[in-house]
Every structure is written in structure tokens, then in C-alpha cells.
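Peer 1: Quick one, fold the following:
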Amino acid sequence: MSYTKNVGREMVEKAGLDVDLLIQKLKRAAAAEFTTYYYYTLLRMHCTGLEGEAIKEVVEDARLEDRLHFETLVPRIYELGGELYKDLRELHEDAACSAAYLPDNPNDIKAILKVLLEAERCAVRVYTEICEMTHGKDPRTYDISLAILHEEVEHEAWFQELLEGRPSGHFRRRTPGEGPYTQKFRHIE
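Peer 2: Coordinates of the predicted model:
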């Protein structure tokens, strides 16, 4: 089946953006969010004991918000003429960030925090790059990526504070996985 040309895509192309490259970056970012959601589930389950229980809620917020990021990116990929991976293995292999595997000692809470921190740092790099690519050329993708970037920067700060004992600028979310910056892009919860 053939489709008519999407004006939203056409305007982005006229602004000088390589839309196929952008779709590729968005797909890889979405793949990273989806795999992170899965691996954060494992990491959260190993946050046990007095020390682990103290961070479990923060890990849960980041985990739920990463799932929301995936769901926020998917419509934009299709709006631009792209589509998702047809095979979950392909998604995993193409993710923009390395898998956030459990550390060798899954009971080592500091090692878990290091995995979480590195995953968030990768996400900050990914969305900064997409924002730089789309700024002034694709306002919709830029707005979505900037909203996700705000949340990823907060996630990085949370895990950095917990791992390094830095002064805290961390405020609790009103509800688990609230996603305060990406909320405006979600039409269903």
C-alpha cells in the first residue's frame, strides 16, 4: 500500500534535516528506553536489605519514566514515516545505550547504582545529540527530546546523589513514574 507524503515530514526535510537519519536515532533511543525498562526491573528487584530498600523507590521512578519515554517516542517515529523493529532481538542489538545488566554481584547496591548512573549518562548524551540535531529544524521532535532530556538529567542526578553522597536537589515525584516533563505528550496512561 502506498501512502501520501506527510507534510510534517516534508517541512522537516525542507528545514535541511536528514529525516531517515533522525528516524534511525529515534528508533535507537526508543530501543534503549525499552531495554532499560526491562533491565531496571531486574536491578530494582535486587535492591533489597536496608540499603537496597532505601533506593528502590528511586529506581522504580526511573524505570517507569523510561517506559514512558519509549511510549512518547513511538508516535513521533511513525509520524516521520518510520516504524518499530519487527524483531525484539534487533531492538536489543540496535539500542543506543548498552544493556544495563545486573552487576557480577547482584547484591552489591553500589555496583547497581553505578550501572544505573552509566545508563542515565548514556541517555543524556543521546537526547542532547537529538536536541542539537533538531533545534530550529524540527520543533516537534526537539520538544519531545528536550522533555525526555530533562527527565534523564534528573535521573542521572538522583543516582549520582545516592552513589556519591552529593548534596541533594532531588525531590520526590508526586506519583511513581510521573514523568513531569513528558506528560504533555501522553494522551493515555
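
Peer 1: Centre of the chain to the lowest-mean-pLDDT helix or strand in the chain, how far?
Peer 2: Lowest by mean pLDDT, DSSP states H and E among the helices and strands of the chain is helix 7-14, with a mean of 92. Chain-centre distance of helix 7-14: 25 Å, with Cα atoms, centre = their mean, to the nearest Å.

Peer 1: residue contacts, Q160?
Peer 2: Contact analysis of Q160 by Cβ atoms under 8 Å, 6 or more residues apart in numbering lists 117, 166. All C-beta atoms are positioned from the backbone trio N, CA, C, and that covers glycine.

Peer 1: Can you tell me the SS state at Y38?
Peer 2: Here Y38 is recorded as helix under DSSP: H, G, I helix; E, B strand; the rest coil.

Peer 1: what's around it, how many residues?
Peer 2: Y38 is flanked by 15 other residues according to other Cβ atoms under 10 Å.

Peer 1: Renumber starting at 46 from here on
Peer 2: New numbering, starting at 46: the last item is Y83.

Peer 1: Distance check, it against L147.
Peer 2: Counting by Cβ to Cβ, to the nearest Å, the separation of Y83 from L147 is 12 Å.

Peer 1: in the least confident helix or strand of the chain, what's buried?
Peer 2: For helix 52-59, burial by neighbour count (16 or more other Cβ atoms under 10 Å) applies to 53-54, 57-58.

Peer 1: JSON lines for those, including distance to E102?
Peer 2: JSON lines is the format used below for these (distance: Cβ to Cβ, whole Å):
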{"residue": "G53", "distance to E102": "39"}
{"residue": "R54", "distance to E102": "41"}
{"residue": "V57", "distance to E102": "39"}
{"residue": "E58", "distance to E102": "44"}
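
Peer 1: Thank you kindly, that will do.
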